[in-house]
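**Q** what follows is a predicted protein model with its sequence.
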Amino acid sequence: MTQPLGMAARTVGHGGARRRGWPWARIACLLVGGVLLADALVLMAMGFFMVGVTVPAALGLVLCFVGARWHGVRDGVHRLRWGRLAWRTGWLLLAAWACSVGVFWAVLVQQVNALGQADKAVTPQAIVVLGSGTPKGQPSPALRARLDTAHALAAAHPQAWVVVSGGVDFGETLSEGQVMGNYLREQGLDPARILQEERSTSTELNLQYSLPLLQAQGLGLDSAVAVVTSEFHTLRAQRIAQKIGYTRALAVAAPTPLYIRYNAWLREYFAMASSWLLREL
């Protein structure tokens, strides 16, 4: 039976409207992708190129492309064998990954809150400050926050030694340890309390190479040591210290500047995943 012309026109019109429409998923792609890409581009312009910046940049670019070419991309995938299944599975995997990041961040927040309560009851014999970049011979914003936290802790515990730990960054001439020591001396900390470790290139080496400096002062793995690092890094730093053999080490959280905080947390997500896969923790 031939369909009436008016009905056919309405059907085609409705179909065209559906095809030209902006489904919620397409809008979400453009909004989320735009935010991720803008955030990454701003931080790259400031000189940040860590994983926590480049991954959002790549993800944001892909989401913006998919959102802008939604029907073409979706229909192209659907034409492939198992295409519909692949399309749905891809979105489910992306959602699962985003949820896992959220869970990891929740664990970090819980860790920071727990450490914040615990460090009030500890009297450290030594304070070890982990390095975090020294562009142009100056502490990075994250490192400056660590040093300020360590300085306040040292003022509260004047008997504690302060170990600043970090080797020479790529393209730099001064070690992180030297830059960190200079900063604390400029802030008025007694130079006689500062011990500089200038060879390490990782968290594990920070703590390993700091040990001989502590031992030279009569301290060791069983001494009360406050490990000062950024809040996102406390979980991994605590586990690495325990793995090395520090029995009374406690990570102390320094705040990360807000404009880079969640990118740094994302970077730590990948660092923790890598350490877990490689069984480093």
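**A** Happy to help now that I have it.

**Q** now the helices: where do they sit in this protein?
**A** 5-20, 24-45, 51-68, 70-78, 83-118, 141-156, 176-186, 203-215, 234-244, 258-277 (DSSP state H).

**Q** how about the longest one: buried residues?
**A** Pointing back at helix 83-118 there. Within helix 83-118, the residues that qualify as buried are 87, 104-105, 108, 111-112, 115, counting by 16 or more other CB atoms under 10 Å. Bear in mind the C-beta positions are built from the backbone N, C-alpha and C, glycine included.

**Q** try the shortest one
**A** Using 16+ other CB under 10 Å as the test for burial, helix 70-78 gives 70, 73-74, 77.

**Q** with the second one instead?
**A** Neighbour counts using 16+ other CB under 10 Å place 26, 29-30, 32-33, 36-37, 39-40, 43 of helix 24-45 among the buried residues.

**Q** hmm, back to that, let's have the buried residues of helix 70-78 in a markdown table, adding pLDDT.
**A** Shown next, in a markdown table, are the buried residues of helix 70-78 (pLDDT from 0 to 100):
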| residue | pLDDT |
| --- | --- |
| W70 | 91 |
| V73 | 92 |
| R74 | 90 |
| V77 | 92 |
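
**Q** would a markdown table of those with distance to G137 be doable?
**A** Converted to a markdown table, the buried residues of helix 70-78 look like this (distance: CB to CB, whole Å):
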| residue | distance to G137 |
| --- | --- |
| W70 | 48 |
| V73 | 47 |
| R74 | 51 |
| V77 | 50 |
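
**Q** low pLDDT regions in the chain?
**A** For the chain, applying pLDDT under 70 flags the ranges 1-22, 116-121, 278, 280-281.

**Q** on that earlier part again, farthest pair in the buried residues of helix 70-78?
**A** Farthest apart among the buried residues of helix 70-78 by CB to CB are W70 and V77. That separation is 11.1 Å.

**Q** list the contacts of the residue nearest to R193 when sequence neighbours are not counted.
**A** The shortest distance from R193 to any non-neighbouring residue, by CB to CB, 6 or more residues apart in numbering, is to V162 (5.3 Å). By CB atoms under 8 Å, 6 or more residues apart in numbering, the contact set of V162 is 126-127, 129, 150, 154, 184, 189, 193-195.

**Q** ok, 7 Å please
**A** 127, 129, 150, 154, 184, 189, 193-195 (CB atoms under 7 Å, 6 or more residues apart in numbering).

**Q** tell me the buried residues in stretch 139-148?
**A** 139-140, 142-148.

**Q** still on that earlier bit, out of the contacts of V162, the closest to R81 would be?
**A** V129 (56.0 Å).

**Q** measure L43 to A155 for me?
**A** L43 is 33 Å from A155, where distance means CB to CB, to the nearest Å.

**Q** I'd say Q208 and I244 touch.
**A** Yes: using CB atoms under 7 Å, Q208 is in contact with I244, at 6.1 Å.

**Q** how many residues are close by the nearest residue to E172 once chain neighbours are set aside?
**A** In this structure, E172 finds its nearest non-sequential neighbour in T134, 6.1 Å apart by CB to CB, 6+ apart. Counted with other CB atoms under 10 Å, residues neighbouring T134 total 23.

**Q** let me see the contact set for T134.
**A** 140, 143, 169, 172, 174, 176, 179.

**Q** just give me the neighbour total for the fourth one.
**A** E172 sits with 16 neighbouring residues when counted by other CB under 10 Å.

**Q** cool, the one 5 residues further on as well?
**A** As a burial measure, G177 scores 27 neighbours (other CB under 10 Å).
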